[in-house]
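[1] have a look at this prediction, sequence included:
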Amino acid sequence: MEKNIINYMKYLGITIGPIHATILQAQKTREFWLGSYFFSHLMKLILREIANNKYGTILAQDISTLFEDEKLHGAGVYSDRCYIRLNKDFGQDDYKSLINSIIEQLEAKDKKALREYLQIYCTVQNISDRDNYMQILNDQLDVMELQAKYYHRNIYALASGYDNLKKLKRDTEKIILPTNVDDELINKWYKLGFDKKDRDDLIFYKNIKNGVYSFPSLLEITTKGLERFKPNIYRDKIHPLFEKSLGEEIDGKKDKTAEDNEILKEIKKSFPDNFQTAHKYAVIVTADGDNVGKLISHVSEKNDDDLLQSLATNIADFAKEASKLIYIYGGKPVYIGGDDLVFFAPVVSHSGEHKESWFQGDGHIFQLISVLDKTFNDIWKQWLTDNKITDIHPSLSYGMSITYYKFPLNEAMKLSGDLLFEVAKKYPTEANPSKNCIAVQLMTHSGSYDKVVFEKQDPTDSTFYHLQNLLENFGDKESTISSVLQRLRGDTELILSIANDGDTFDAYFTNEYNLHDIKDRKKEAFIRHSISLFNKIFAQQKDKPKEALNQLCSMYRLLNFLIHKETGNGSEI
């Protein structure tokens, strides 16, 4: 009889925003970082209030460092939703008290505007132990978010009083030095997000009262590898230019775009033998776990708090490792929520003093993706084994927008998200059923673009494996890569006519490159590896040879881009 007893408990769900609308307002990296970090910190304050007032048990969230001053290279780690199993009532008065306390702790310049801007919604539900509390709470929170009104203000200005670094003196209608900038409030956010060592790497503009920190610009991020390669040259010749540029932007004396052009010229002049086309491009990476939501739902149905906490700890462990790996590579983590990642990174980088087994000397973004993947898989494989879960297999999918450093940041950010959710997440095929893909779009300075998807289900025969293999073993074969690409584009009709005839296809490339008598063994290996890859992709898309050929052309253009060095006249690919 006891098995038929249904127990009910009260649950509180909280969602915060408007995150998406806020992020898409950002026009500078510092605005994007603060907009994201602000909401992570907001959730941290909410969870602290819940814990301090002993409202109940915080679920599906690692709170082991909730009251500690942990910093992950600037990354926000708290998500936009939280769930609490209540042990006492939570009504309107409690909600108002929570909001009032949060607003006071945020120390915003304009508290009234901030209160109107923020969307902090709560729902309290009486849920049985036979139902999935997380699904019920999420359904309610989804409805509340859809009904929300968006109050259009720039969170960067609300949070710091540092409105695009410019203030207008109305009586003269001239841009002047913003002496009313609250430098202490600005620096408060940087001290919350970065430890002293990290802050020492940031530009610090000294000419406003006590000085202000600034998150790296895209051009600083894209050339991080050059800074590490020859730190003395970069520190003496380039770093002062960035500081001067920031100061002139604050003073309103000079156009930022023109200033960046001059800095770029000096960078190319200072690193004539090392400057690559890729140093003018930034990559924005958005990643999301495949099947992680399914795993959380599966665990929450068991009503086992210890198991759920163990899962939350596992997610937090990956967040810490991921932020460290991104930093080692030279990227800047923005949001690392366990299975959700958003970060800026250089397309190519250099290890400098940050040498690791996976990163020594020159490197590229796909090395970072590979080690993030391995770390994620290792952490989850052990946890799934320990908890005897065999039918759910988490993985990571990525959206990567590679754009010229002058390309509008908000558009590049949106593109990264669209590549993840509209391309990578929808790519699953019979051969690759579990998502687990990377969608990359390279948009060149001229506006042309290539989009390619790499599946990575098979660790030794996926398209991502082949990309890595080509980069690792033939990264110095730019002329050969260009030659193969020209062949793919120049002999399109012939290649399409023999694409599904393996022997004829092999014979075509063997004859074109005279592989029987070739002296350059590395070139021969590259061509033979390429032939194998071509056959694989044409076989995967047997009924769509044109799409397969387009995929190959995009892949080899990406290869060429990753290793291309500019000549003295600054030619691009």
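    Looks like it came in fine. Residues are numbered from 1 along each chain as shown.

[2] just checking, next helix/strand downstream of the lowest-mean-pLDDT helix or strand in the chain?
    Ranked by mean pLDDT, DSSP states H and E, the helix or strand of the chain with the weakest confidence is strand 174-176, at a mean of 33. Next helix or strand after strand 174-176 toward the C-terminus (DSSP states H and E): helix 183-193.

[3] by contact count, what packs against that next one?
    helix 29-52, helix 155-160, strand 212-214 (3 or more CB pairs under 8 Å, 6 or more residues apart in numbering; DSSP states H and E). Placement of C-beta: from N, CA and C, glycine included.

[4] out of those, nearest to residue 299?
    Of all these, helix 29-52 sits nearest to residue 299, with 19.7 Å by CB to CB.

[5] okay if I get the helices and strands packed on helix 183-193 as TSV plus mean pLDDT?
    Below are those laid out as TSV (pLDDT from 0 to 100):
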stretch	mean pLDDT
helix 29-52	93
helix 155-160	60
strand 212-214	86
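
[6] adding distance to residue 348 and mean neighbour count, write those out as a markdown table.
    Putting those into a markdown table (distance: least, CB to CB, whole Å; neighbours: other CB atoms under 10 Å) gives the following:
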| stretch | distance to residue 348 | mean neighbour count |
| --- | --- | --- |
| helix 29-52 | 19 | 21 |
| helix 155-160 | 30 | 23 |
| strand 212-214 | 24 | 22 |
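
[7] tell me the pLDDT of residue 164.
    Looking at residue 164, its pLDDT reads 43.

[8] hmm, I was thinking of residue 499
    87.

[9] nearest to residue 387, out of the helices and strands packed on helix 183-193?
    Evaluated over the helices and strands packed on helix 183-193, closeness to residue 387 peaks at helix 29-52, with 25.0 Å, by CB to CB.

[10] next secondary structure after that closest one?
    Once helix 29-52 ends, the next helix or strand along the chain (criterion: DSSP H and E) is strand 56-59.

[11] measure residue 328 to residue 228 for me?
    Distance, residue 328 to residue 228, by CB to CB, to the nearest Å: 11 Å.

[12] for these two, list the residues in contact with both.
    Contact criterion CB atoms under 8 Å, 6 or more residues apart in numbering; residues shared by residue 328 and residue 228: 351, 354.

[13] wait, residue 135 sits on residue 294?
    No - in this structure residue 135 lies outside contact range of residue 294 using CB atoms under 8 Å: 11.5 Å.

[14] how does the chain divide into domains?
    Listed by automatic domain parsing, the domain ranges of the chain are 1-155, 158-277, 458-573.

[15] pick out the shakiest of these, pLDDT-wise.
    The weakest mean pLDDT among the domains of the chain belongs to domain 158-277, with a mean of 78.

[16] please report phi then psi for residue 335.
    phi -130, psi 120 (degrees, to the nearest 10).

[17] kindly report the same for the one 4 residues further on.
    The phi/psi pair for residue 339 (degrees, to the nearest 10) reads phi -100, psi 0.

[18] which stretches in the stretch 51-200 of the chain count as helices?
    92-106, 111-117, 133-146, 155-160, 183-193, 196-200 (DSSP state H, counting those that start in this stretch).

[19] between the ones you listed, which one is nearest to residue 74?
    Closest approach to residue 74 among the helices of the stretch 51-200 of the chain (CB to CB): helix 183-193, 4.5 Å.

[20] give me the angle between the closest one and helix 92-106.
    Interaxial angle, helix 183-193 versus helix 92-106 (axes from the mean of the first three to the mean of the last three CA atoms, to 10 degrees): 110 degrees.

[21] show me which positions of helix 183-193 end up buried.
    Under the neighbour-count criterion of 16 or more other CB atoms under 10 Å, helix 183-193 has 183, 185-187, 189-190, 192-193 buried.

[22] nearest to residue 270 among those residues?
    Among the buried residues of helix 183-193, residue 190 lies closest to residue 270 (CB to CB), at 27.8 Å.

[23] I figured residue 436 was touching residue 397, is that so?
    Yes - between residue 436 and residue 397 there is a contact at 6.2 Å, judged by CB under 8 Å.

[24] joint contacts of the two?
    Residues within reach of residue 436 and of residue 397 at once, by CB under 8 Å, 6+ apart, are residue 290.

[25] which of the domains of the chain sits closest to residue 323?
    domain 1-155 (3.9 Å).

[26] contacting residues for the residue positioned nearest the centre of the chain?
    Nearest to the mean C-alpha position of the chain, by CA atoms, centre = their mean, lies residue 342 at 2.5 Å. Counting by CB under 8 Å, 6+ apart, residue 342 touches 36, 284-287, 333-336, 416.

[27] isn't residue 279 up against residue 227?
    No - counting by CB under 8 Å, residue 279 stays clear of residue 227, with 10.8 Å between them.

[28] give me phi/psi at residue 330?
    Here residue 330 shows phi and psi, under degrees, to the nearest 10, equal to phi 110, psi 10.

[29] sorry, slip of the keys, the one I care about is residue 362.
    Note on residue 362: backbone dihedrals following degrees, to the nearest 10 are phi -70, psi 150.

[30] my guess is it meets residue 347, correct?
    No - between residue 362 and residue 347 there is no contact under CB under 8 Å: 11.8 Å.

[31] what about those two, which has more around it?
    Neighbours per residue (other CB atoms under 10 Å) separate residue 362 from residue 347, with residue 347 holding more: 23 against 16.

[32] so that one sits against residue 367, correct?
    No - counting by CB under 8 Å, residue 367 is not a contact partner of residue 347; they are 11.4 Å apart.

[33] three-state assignment of the nearest residue to residue 489 once chain neighbours are set aside?
    Take residue 489 and drop its neighbours on the chain: the residue closest to it by CB to CB, 6 or more residues apart in numbering is residue 553, 6.2 Å away. Three-state assignment for residue 553 (DSSP: H, G, I helix; E, B strand; the rest coil): helix.

[34] who touches residue 95 in this structure?
    If you count contacts by CB under 8 Å, 6+ apart, residue 95 has them with residue 122.

[35] and if we set it to 10 Å?
    Contact partners of residue 95, counting by CB atoms under 10 Å, 6 or more residues apart in numbering, are 12, 14, 120-122, 124.

[36] distance check, it against residue 45.
    For residue 95 relative to residue 45 (CB to CB), the value is 15 Å.

[37] same check on residue 550?
    Distance, residue 550 to residue 45, using CB to CB: 49 Å.

[38] burial count for residue 61?
    Close neighbours of residue 61, defined as other CB under 10 Å, add up to 22.

[39] for residue 365, that is, sorry about that
    For residue 365, using other CB under 10 Å, the count is 22.

[40] and the one 5 residues further on, by the same measure?
    Using other CB under 10 Å, residue 370 has 17 neighbouring residues.

[41] please apply the same query to residue 232.
    The local packing of residue 232 (other CB under 10 Å) involves 7 other residues.

[42] how about residue 511?
    10.

[43] over to residue 18?
    Residue 18, neighbours per other CB under 10 Å, totals 21.

[44] ok, residue 130 next?
    With other CB under 10 Å as criterion, residue 130 counts 10.
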